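Colleague: Only the shape, not the letters, is given here:
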């Protein structure tokens, strides 16, 4: 599976470079080892290949369970290391898988908005803050623009559009004693997401526009 992943990531990188106006900023910020929670905004189904091509480290993903109903697509997704999860945030098995991978010092990418948001970021699920607190993983914010123009899966290898990836500085959440309240979890979730939003052009920030402007780009 590892060989399949790296071959696919290299192929994606070649396709984006050849058939798209492809640019990545901040690769030097990616920690080369250790548990890493990659947090990105979500524009389209092209985002996982884009993240794989941008980050030169093995990255694992989660994907909505509906994508695995087709046996052919399920085989391809699993070969990429994508694990099915239920999108309502109540998938205990999916959560255990993510935490287990982080415990093994792996890098796991999640899209906390839960669904594609091509017209600006929407409010994220608290699950991203829970995972970060529970795992004590380093968080890597990643901002993606341009993939909203890749609307069909056949377009992923041939995007014919401008795609930009900005990788921010890694950070960690503060340690919290006891069980945090919902208000605290909401605050931590916003803290994480505004790090992503601050890397995006203003028109992509959506509900995190004001927070990201305070944080600075």
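Modeller: Okay, I see it. Predicted, not measured: the structure shown is a model, and the values here were computed from it.
Colleague: wait, isn't residue 163 in contact with residue 147?
Modeller: Yes: contact criterion C-beta atoms under 8 Å: residue 163 and residue 147 qualify, at 6.0 Å. No exception for glycine: its C-beta is placed from N, CA and C like everyone else's.
Colleague: Would you mind listing the residues touching both of the two?
Modeller: residue 50 (C-beta atoms under 8 Å, 6 or more residues apart in numbering).
Colleague: which ones are touching residue 100?
Modeller: If a contact means C-beta under 8 Å, 6+ apart, then residue 100 has no contacts.
Colleague: my read is it is in a helix, agree?
Modeller: Yes: under DSSP: H, G, I helix; E, B strand; the rest coil, residue 100 falls within a helix.
Colleague: got the contact list for residue 77?
Modeller: Applying C-beta under 8 Å, 6+ apart, we find residue 77 in contact with 63, 67-68, 84.
Colleague: beta partners of residue 109?
Modeller: residue 38, residue 61 (DSSP bridges).
Colleague: Low-confidence ranges, the protein, go.
Modeller: Residue ranges of the chain with pLDDT under 70: 1, 87-90, 211-217.
Colleague: again, only this time at 90
Modeller: The chain contains residues with pLDDT under 90 at 1-9, 20, 45-46, 62-94, 114-116, 118-119, 125, 151-160, 175-178, 210-217.
Colleague: Show me what the lengthiest helix in it is packed against.
Modeller: Looking across the chain with DSSP state H, the single longest helix is helix 2-19. With contacts defined as 3 or more C-beta pairs under 8 Å, 6 or more residues apart in numbering; DSSP states H and E, the packing partners of helix 2-19 are helix 47-54, helix 71-79.
Colleague: List the buried residues for that helix?
Modeller: 5, 8-9, 12-13, 15-16 (16 or more other C-beta atoms under 10 Å).
Colleague: Out of those residues, which is nearest to residue 103?
Modeller: Set against residue 103, the nearest of these by C-beta to C-beta is residue 5 (19.8 Å).
Colleague: Please report the distance of that closest one from residue 79.
Modeller: To residue 79, residue 5 is 8 Å away according to C-beta to C-beta, to the nearest Å.
Colleague: what's the answer for residue 26, then?
Modeller: For residue 26, the distance to residue 79 equals 28 Å [C-beta to C-beta].
Colleague: So for the two, which residue has more residues nearby?
Modeller: The residue with more neighbours, out of residue 26 and residue 79, is residue 26; 17 against 12, by other C-beta atoms under 10 Å.
Colleague: Let me know whether the more buried one touches residue 168 as I believe.
Modeller: Yes: the pair residue 26 and residue 168 qualifies as a contact (C-beta under 8 Å) at a distance of 6.4 Å.
Colleague: so what secondary structure elements neighbour the lengthiest strand in the chain?
Modeller: Among the segments of the chain that qualify as a strand by DSSP state E, the longest is strand 138-145. Helices and strands touching strand 138-145, as assessed by 3+ C-beta pairs under 8 Å, 6+ apart, comprise strand 36-40, helix 47-54, strand 162-167, helix 182-197.
Colleague: between the first one and helix 182-197, how many degrees?
Modeller: When you say that, I think you mean strand 36-40. Using axes from the mean of the first three to the mean of the last three C-alpha atoms, to 10 degrees, the inter-axis angle of strand 36-40 relative to helix 182-197 is 70 degrees.
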